[in-house]
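Peer 1: Here is a sequence with its predicted model. Questions after.
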Amino acid sequence: GKLYVTSGNSATNMLPVGSLTGTIVTIDPRAPRRVAKPWARGLGMPNGLAFDKAGNAYVSDSRLGVVRLKPNGSIDRRWSAAAPKNVAPTATVNGTGINGAAIDGDTLYVTLTTSLTGRVIAVPLAHPERARAVADLTAPLPGLVDDLAVIGPSKLAVTTTLGQLYVVNVRTGSSCAVNVGAPLTAVTATPGDPTRLVVASENGTVYVVRL
């Protein structure tokens with residue numbers, strides 16, 4: 001029943017120097033006083049956040065990369081060391097700014113904000129070292145992909161800060177897009193109706209998109 005919120009979304013926290021001040025805080029909406037309490041510390045610029053069935057949390061950290069947190073909030077350093085890093089380009093990580101996070105089954109999906117091709121990466125929960133690219137949404141042009149959400153089996157919705165909302169089939173890599181016309185930052189599906197998406201934007205507007 002608690003909310004888990006990423007904190008420390010600041011451009012300075014993306015820099016690969018300085019203290020790690022990013023945190024995850026919890027808020028109990030049922031409490032008389034809704035006070036944010038620290039749950040996890042030692043992060044850089046945490047953005048995306050997703051939980052698996054065992055209670056582990058996965059953070060898309062735009063400074064550290066993909067980080068796993070144990071159910072007590074401590075960093076699983078062994079798992080995280082094998083996962084994609086933010087400033088460590090590879091054939092799979094073709095950019096920086098690991099941002100969104102969403103889990104479908106036994107796979108974590110993350111985005112790269114400054115990817116050369118608008119890339120979405122799949123990270124197997126049991127084998128983070130086997131991360132692979134599943135879609136290049138804006139190729140051959142660079143793309144500013146941001147958040148993503150699972151909207152069906154092997155199907156994701158992905159936002160871009162250039163104003164597009166993509167629907168992606170991660171099995172085939174195929175996608176289609178709608179131009180919303182505003183910088184889009186976050187997306188989620190309506191519970192019980194994955195065809196009705198709620199999308200937040202940098203201009204303060206919240207959009208409803210019906211697929």
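Peer 2: Nice, I can see it.
Peer 1: and residue 210, how many neighbours does it have?
Peer 2: 8 (other C-beta atoms under 10 Å). Heads up, the C-betas are built off the backbone N, CA and C, glycines and all.
Peer 1: Where does pLDDT dip in the chain?
Peer 2: Regions of the chain meeting the criterion pLDDT under 70 are absent.
Peer 1: The closest residue to residue 142 other than its chain neighbours: neighbouring residues, count only.
Peer 2: Spatially, and ignoring its direct neighbours in sequence, residue 142 is nearest to residue 116 (5.2 Å; C-beta to C-beta, 6 or more residues apart in numbering). Neighbour count of residue 116, defined by other C-beta under 10 Å: 16.
Peer 1: how about residue 116, phi and psi?
Peer 2: Per-residue torsions, residue 116: phi -70, psi -10 (degrees, to the nearest 10).
Peer 1: Next up, the contacts around it.
Peer 2: Neighbour list for residue 116: 94-95, 142 [criterion: C-beta atoms under 8 Å, 6 or more residues apart in numbering].
Peer 1: Among those residues, which lie within helices?
Peer 2: Nothing among those maps onto helices, per DSSP state H.
Peer 1: could those go into TSV alongside distance to residue 133?
Peer 2: Listed next are those as TSV, based on distance: C-beta to C-beta, whole Å:
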residue	distance to residue 133
94	8
95	11
142	15
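Peer 1: Need the buried ones from those residues selected in ChimeraX.
Peer 2: For the buried members of these, the matching ChimeraX selection, counting by 16 or more other C-beta atoms under 10 Å, is:
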select :94,95,142
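Peer 1: which of the contacts of residue 116 lies closest to residue 41?
Peer 2: Relative to residue 41, the closest of these is residue 95; by C-beta to C-beta it sits at 27.0 Å.
Peer 1: and the spatially closest residue to residue 112 that is not a sequence neighbour, what is it in contact with?
Peer 2: Of all residues not flanking residue 112 in the chain, residue 95 sits nearest, at 4.2 Å (C-beta to C-beta, 6+ apart). Residues counted as contacts of residue 95 (C-beta under 8 Å, 6+ apart) are 89, 112-116, 119, 142.
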